[in-house]
Structure formats: C-alpha cells, structure tokens
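Visitor: Just a sequence and a predicted model for now, questions to come.
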Amino acid sequence: MRISTGRRRASSQSEAIPAFPVWKAFVLQFSRETGTQAGIFSGRVEHLSSGRRARFASREELLPVLSKMLDDLGETGTRTGRSNA
C-alpha cells in the first residue's frame with residue numbers, strides 16, 4: 001500500500017502544490033430514488049469552499065454540472081476567496 005502526502009513538486013517552482021487542492025473539493029449526494037435497479041440517477045453536487053450547489057437529474061447531466069462548476073472556479077481558487085493551503 002502506498003501512502004501519499006497529497007502534494008507534488010511543481011516543475012518550475014520550489015513550492016509544493018497540492019495534488020488535491022481544497023478549492024476543488026466537492027460533495028456528491030444522490031437522491032434516495034437513485035439506484036441501478038430503478039434506472040434513476042439524480043442528486044446534487046456541492047462545492048465545499050463556496051457552498052454553491054447544483055442539481056442533476058441523470059448521468060448525462062452530472063458531468064456538465066461538474067464541468068461548469070470547475071470552470072466557474074478558475075485555476076487558482078481565488079474566486080472563492082480561498083488559497084491552495
């Protein structure tokens with residue numbers, strides 16, 4: 001078993017950059033109706049740093065919802081007022 005610190009070295013910088021930055025943390029919550037037997041796949045996604053939420057009603061909607069939320073965050077996480085610490 002490999003235990004990771006969650007950090008990696010930046011190639012052009014001496015500071016460590018987190019592999020899993022906090023400003024890109026989300027909670028995925030499925031509805032009680034979701035299940036493979038029923039063929040239902042719905043729920044919500046919440047961005048932990050900002051509290052922004054979005055709902056999805058199908059598998060096809062989930063990835064576009066996540067993509068939009070990530071696009072809204074930008075690459076630095078500064079839009080939510082958070083640093084990469």
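Guide: In hand now; what should we look at?

Visitor: Without its sequence neighbours, what residue ends up closest to Leu48?
Guide: Closest residue in space to Leu48, ignoring its immediate chain neighbours: Ala25 at 4.4 Å, by Cβ to Cβ, 6 or more residues apart in numbering. Any C-beta I mention is one placed from the backbone N, CA and C, and that applies to glycine too.

Visitor: so the one you found touches Gly51, yeah?
Guide: No. Ala25 lies out of contact with Gly51 (Cβ atoms under 8 Å); the separation is 11.8 Å.

Visitor: which one of the two has more residues nearby?
Guide: Between Ala25 and Gly51, Ala25 has the larger neighbour count (other Cβ atoms under 10 Å), namely 12 against 8.

Visitor: gap between that one and Leu70?
Guide: Distance from Ala25 to Leu70, counting by Cβ to Cβ, to the nearest Å: 11 Å.

Visitor: Could you check how many residues crowd around Leu73?
Guide: If we define neighbours as other Cβ under 10 Å, then Leu73 has 20 of them.

Visitor: What distance do you get for it to Thr36?
Guide: On the measure of Cβ to Cβ, Leu73 and Thr36 end up 31 Å apart.

Visitor: try Ser49
Guide: 31 Å.

Visitor: of the two, who's got more company?
Guide: The neighbour comparison of Ser49 against Thr36 (other Cβ under 10 Å) goes to Ser49, with 17 against 7.

Visitor: doesn't Val22 make contact with the more buried one?
Guide: Yes. Using Cβ under 8 Å, Ser49 is in contact with Val22, at 6.5 Å.

Visitor: how about Ser58, what does it touch?
Guide: Going by Cβ atoms under 8 Å, 6 or more residues apart in numbering, Ser58 touches Phe41, Ser42.
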